[in-house]
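**Student:** Got a sequence here, can you model it:
(2 chains)
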Amino acid sequence: MLLNIYLKELKDCFRDRRTLLLTVFLPIVMMTGLTLFYDSMLSTDGDDTYKVAVQESFRSEAEQLFAVSPNIVIETAENPEQAVIDGDVQTAIVTAPSFSEDIQNGVPAAISIIGNSFSENSSFAMNAVSTALTAFESEIISERLQSAGIDGSTVQPFSIEQKEISSDGGATMMLSLLIPLILSLAIGIGAGPAASDLFAGEKERKTMEALLMTPVSRTTLLLAKWLVISTIGVITGLVTLLVVSLEIAFLTENLQKAVNFGDQLPLIIGLALLVATIYSLFNAGILMLTSILGKTIKESQSYSTPIMMLSVFPVMIISGIGVNELSFQHFAIPILNLFSILKELTAGVIDYEHLALMLGTNLLLMVVFIVIGRVLFLKDKWVMN
Amino acid sequence: MIRIQDVSKKFQDKKKSVTALKHISFDVQEGQVVGLLGENGAGKTTLLRSIATLLTPTDGHIEVAGFDTVKDPAEIKKRIGVLFGGETGLYERLTARENLTYFASLYGLSKHETKVRIDDLALKFGMRDYLDRKVGGFSKGMRQKVAIARTLIHNPDIILFDEPTTGLDITSSNVFRQLVHQLKREGKTIVFSSHIMEEVSMLCDSVAMIHKGELICHEALDTLYTLENSDDLNYIFMSKLVRGGTHYAS
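**Tutor:** As a prediction, this is how the structure comes out:
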């Protein structure tokens, strides 16, 4: 009986263009956009150029100064600061007219860098200008010390070398944020319409009463409908993972570097699918409750939307945390643990304790949601309008 | 047979309490067609839902075919067919046949039984031409026919219709009336609520009138006409409402 209901509900859902749109088409569009956006954030090809405004009097010095920085283009402006405000350039350098003379005479010279730290491009330009000026400053100090007969190492007692353990330029980190974000959004958005339709929609259309008049137990109806929501979530999750994998493989340069799991690839993909499946079951439980509580599809959606928005927050929590810094609570708190476990898997780390904790808490809550759902579904108030 | 014994139903939430049924008692004999009359909000749908096991009475008992609605709802559901409140309750993205097949499976009919039953109902209601079309594109009359066919798919002995002709055109209403005549000939027990007095006087053996949750009259139509010295059911109903309000014991 459960199978009969399950198959009919699934057929009904997939005949709904909205469900098809949200389970297949939207994930593809959304994933493509997000994947390409994240890939572009990792761009290190140095093609971007930044315009720097200077006064006419400083132009020749500036050109010399930035001769070794091909991504900095010098432009002359009467009022460099205004040029930044108007958005004509990304940053500006303002100096006193006697800047070069002051340096030659050993007089302290002032130089201002003007930019907008709320603009990413302006920040990059300011950093580039600042780095070039710091190098110029070191050069002057070195020349002055040399002319005074002092060894340059006097003012440089030690040298600093920074070593980066990640060799992919942040691609793994980006991927570890991208995959769970896409997955959680896609599963929530994909299963949402079906969930609203299966309980609130049936109440609204009065098909629920006809259904309740059959000898089928309410528990069977509830489980079949929950399974349908879960299945749609799983399908959306799988479509999403497939689309993202293909896009990373064929459309990206930087994210592709992060996908290098070697022999572990089949295991990591298998575990990611398992995680996506369990998350879909958990997610279906939440959506089922919001749909039971809603008298109409609209009401159900107004309950489920804020809950689905929760799936975005873990990105903010987890983005600054390294894989080796993830602790118990990151794997115990639902939704957050989806991000945590996928972050580990993306980094090629397979920790079965963490996996068990993540899957266990999701399954436990799923059971709790089903029990609550059953209690509600047995009450007339929640099954009939 | 349906036996309603001192049934009351109270709906209560945090803010207010509404008594929808007050000590209702009457019997519906096997093979009888009973019309349930009352204004909007009188309690007709609540009573039908209670008989259909969808609502649990706050007080009293309802027996359907010898089974208690609270203790044996599953047994009752196998024996009754219900069509509620002008709503067809069909799955619009499924065809008429898929709708009927689905409900047949929920009632435990075999594939062969389902096929025979659908063919029979399609012939009876003239649905053959659109049996394999999606319900979403149907007119109200077509939907109503499919909904009635769904109600009868498991060949129930007892049938409850809640305002079945609401919103139907004359042709569709006539189809329904012919159907009730036919079901009556087949010995089915039928309870239906309606606002249309002409329909009730045409189809029913007896009527039960409900006013503000109270049963104000339950009589065989012939007896009622004799007692009221009129065969105008509309007049009788209105005069009962004016006089009504006190508990009626059948």
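
**Student:** okay, CA-based contacts and neighbour counts for the rest of this
**Tutor:** OK.

**Student:** Pick out the residue in chain A sitting closest to chain B.
**Tutor:** Ranking the residues of chain A by distance to chain B (CA to the nearest CA) places A:Thr207 first, at 4.0 Å.

**Student:** gap between the closest residue in space to that residue that isn't next to it in sequence and B:Met127?
**Tutor:** Nearest residue to A:Thr207 in three dimensions, chain neighbours excluded: B:Gly89, at 4.0 Å (CA to CA, 6 or more residues apart in numbering or on different chains). Plainly put, B:Gly89 is 17 Å away from B:Met127 if you go by CA to CA, to the nearest Å.

**Student:** Which one of these two is surrounded by more residues?
**Tutor:** When neighbours are counted by other CA atoms under 10 Å in any protein chain shown, B:Gly89 comes out ahead of the other of B:Gly89 and B:Met127, with 24 against 19.

**Student:** mind listing what the residue nearest to A:Thr207 touches?
**Tutor:** The neighbourhood of B:Gly89, defined by CA atoms under 8 Å, 6 or more residues apart in numbering or on different chains, consists of A:205-210, B:147.

**Student:** between the residues you listed, which is nearest A:Leu293?
**Tutor:** Looking at these and their distance to A:Leu293, the nearest is A:Met208, at 13.9 Å (CA to CA).

**Student:** Give the rounded mean pLDDT of the one helix or strand the closest one maps to.
**Tutor:** In this assignment (DSSP states H and E), A:Met208 forms part of helix A:207-212. Averaging the model's pLDDT scores along helix A:207-212 yields 88.

**Student:** can you check stretch A:123-142 too?
**Tutor:** On average, the pLDDT along stretch A:123-142 is 87.

**Student:** near chain A, which residues of chain B show up?
**Tutor:** Within chain B, the positions adjacent to chain A are B:52-55, B:73-75, B:77-78, B:81-84, B:87-91, B:93-94, B:102-103, B:105-107 by CA under 8 Å from any CA of the partner chain.

**Student:** Can you classify B:Thr165 by secondary structure?
**Tutor:** Classification of B:Thr165 into helix, strand or coil gives coil, according to DSSP: H, G, I helix; E, B strand; the rest coil.

**Student:** show me the contacts for it.
**Tutor:** So, once contact is read as CA under 8 Å, 6+ apart, B:Thr165 ends up touching B:86, B:172-173, B:176, B:194.

**Student:** In those residues, find the pair that's most separated.
**Tutor:** Comparing all pairs in the contacts of B:Thr165 by CA to CA, the longest separation belongs to B:Ser172 and B:Ser194, at 15.2 Å.

**Student:** More neighbours: the two, which one.
**Tutor:** Each of B:Ser172 and B:Ser194 had its neighbours counted (other CA under 10 Å), and the higher figure belongs to B:Ser194 (21 against 17).

**Student:** what about the more buried one, distance to B:Val7?
**Tutor:** When CA to CA is applied, the distance between B:Ser194 and B:Val7 equals 21 Å.

**Student:** So what touches stretch B:141-150?
**Tutor:** Under the criterion CA under 8 Å, 6+ apart, residues B:83, B:88-90, B:96, B:99-100, B:103, B:121-122, B:125, B:127, B:135, B:168-169, B:172 lie in contact with stretch B:141-150.

**Student:** Can you report how many residues lie near the closest residue to B:Gly41 other than its chain neighbours?
**Tutor:** Beyond its immediate neighbours in the sequence, the residue positioned closest to B:Gly41 (CA to CA, 6+ apart) is B:Lys212, lying 7.2 Å away. B:Lys212: 20 surrounding residues under other CA under 10 Å.

**Student:** Tell me the backbone dihedrals of B:Lys212, please.
**Tutor:** In terms of degrees, to the nearest 10, the main-chain angles of B:Lys212 are phi 50, psi 40.

**Student:** how close does it get to A:Pro193?
**Tutor:** Look at B:Lys212 and A:Pro193: by CA to CA, they are 40 Å apart.

**Student:** again, but for B:Arg128
**Tutor:** Distance of B:Arg128 to A:Pro193, given as CA to CA: 33 Å.

**Student:** Which of those two has more residues huddled nearby?
**Tutor:** Set side by side, B:Arg128 and A:Pro193 show more neighbours around A:Pro193, with 26 against 16, by other CA under 10 Å.

**Student:** After the one helix or strand the more buried one maps to, heading C-terminal, what element do we hit next?
**Tutor:** In the assignment (DSSP H and E), A:Pro193 maps to helix A:171-196. Scanning forward in sequence from helix A:171-196, with DSSP H and E defining helices and strands, the next element found is helix A:202-205.

**Student:** Quickly check: that following helix near chain B or not.
**Tutor:** Yes. Using CA under 8 Å from any CA, a contact is recorded between helix A:202-205 and chain B, made by A:Arg205.

**Student:** Confirm that B:Asp231 lies within a strand, as I assumed.
**Tutor:** No. Secondary structure of B:Asp231, determined by three-state DSSP: coil, with no strand assignment.

**Student:** Thought B:Met202 was touching it, still the case?
**Tutor:** No. B:Asp231 is beyond contact range of B:Met202, at 11.5 Å (criterion: CA atoms under 8 Å).

**Student:** more crowded one of those two?
**Tutor:** When B:Asp231 and B:Met202 are compared on other CA under 10 Å, the one with more neighbours turns out to be B:Asp231, at 15 against 10.

**Student:** Please name the nearest non-neighbouring residue to that one.
**Tutor:** Using CA to CA, 6+ apart and skipping residues adjacent in sequence, the residue nearest B:Asp231 is B:Tyr225, 5.0 Å away.

**Student:** rewinding a little: name the member of the contacts of stretch B:141-150 with the most neighbours.
**Tutor:** Highest count within the contacts of stretch B:141-150 by other CA under 10 Å belongs to B:Ala96, 31 neighbours.

**Student:** Buried residues, the helix or strand following the helix holding A:Met208. List them.
**Tutor:** Per DSSP H and E, helix A:207-212 leads on to helix A:218-251 as the next helix or strand towards the C-terminus. By neighbour count, with 16 or more other CA atoms under 10 Å in any protein chain shown as the criterion, the buried positions of helix A:218-251 are A:218-241, A:243-245, A:247-248, A:251.

**Student:** same question, stretch B:190-200
**Tutor:** Of the residues in stretch B:190-200, those with enough neighbours to count as buried (16+ other CA under 10 Å) are B:190-195, B:197, B:200.

**Student:** Could you tell me the end-to-end distance of that stretch?
**Tutor:** Counting by CA to CA, the length from the leading to the trailing residue of stretch B:190-200 is 12 Å.

**Student:** for stretch B:60-72, same thing?
**Tutor:** The first and last residues of stretch B:60-72 sit 15 Å apart, counting by CA to CA.

**Student:** ok, now how distant is the closest residue in space to B:Phe176 that isn't next to it in sequence from chain A?
**Tutor:** Spatial nearest neighbour of B:Phe176, chain neighbours left out: B:Thr165 (7.3 Å); criterion: CA to CA, 6+ apart. The spacing between B:Thr165 and chain A, counted by CA to the nearest CA, to the nearest Å, is 16 Å.
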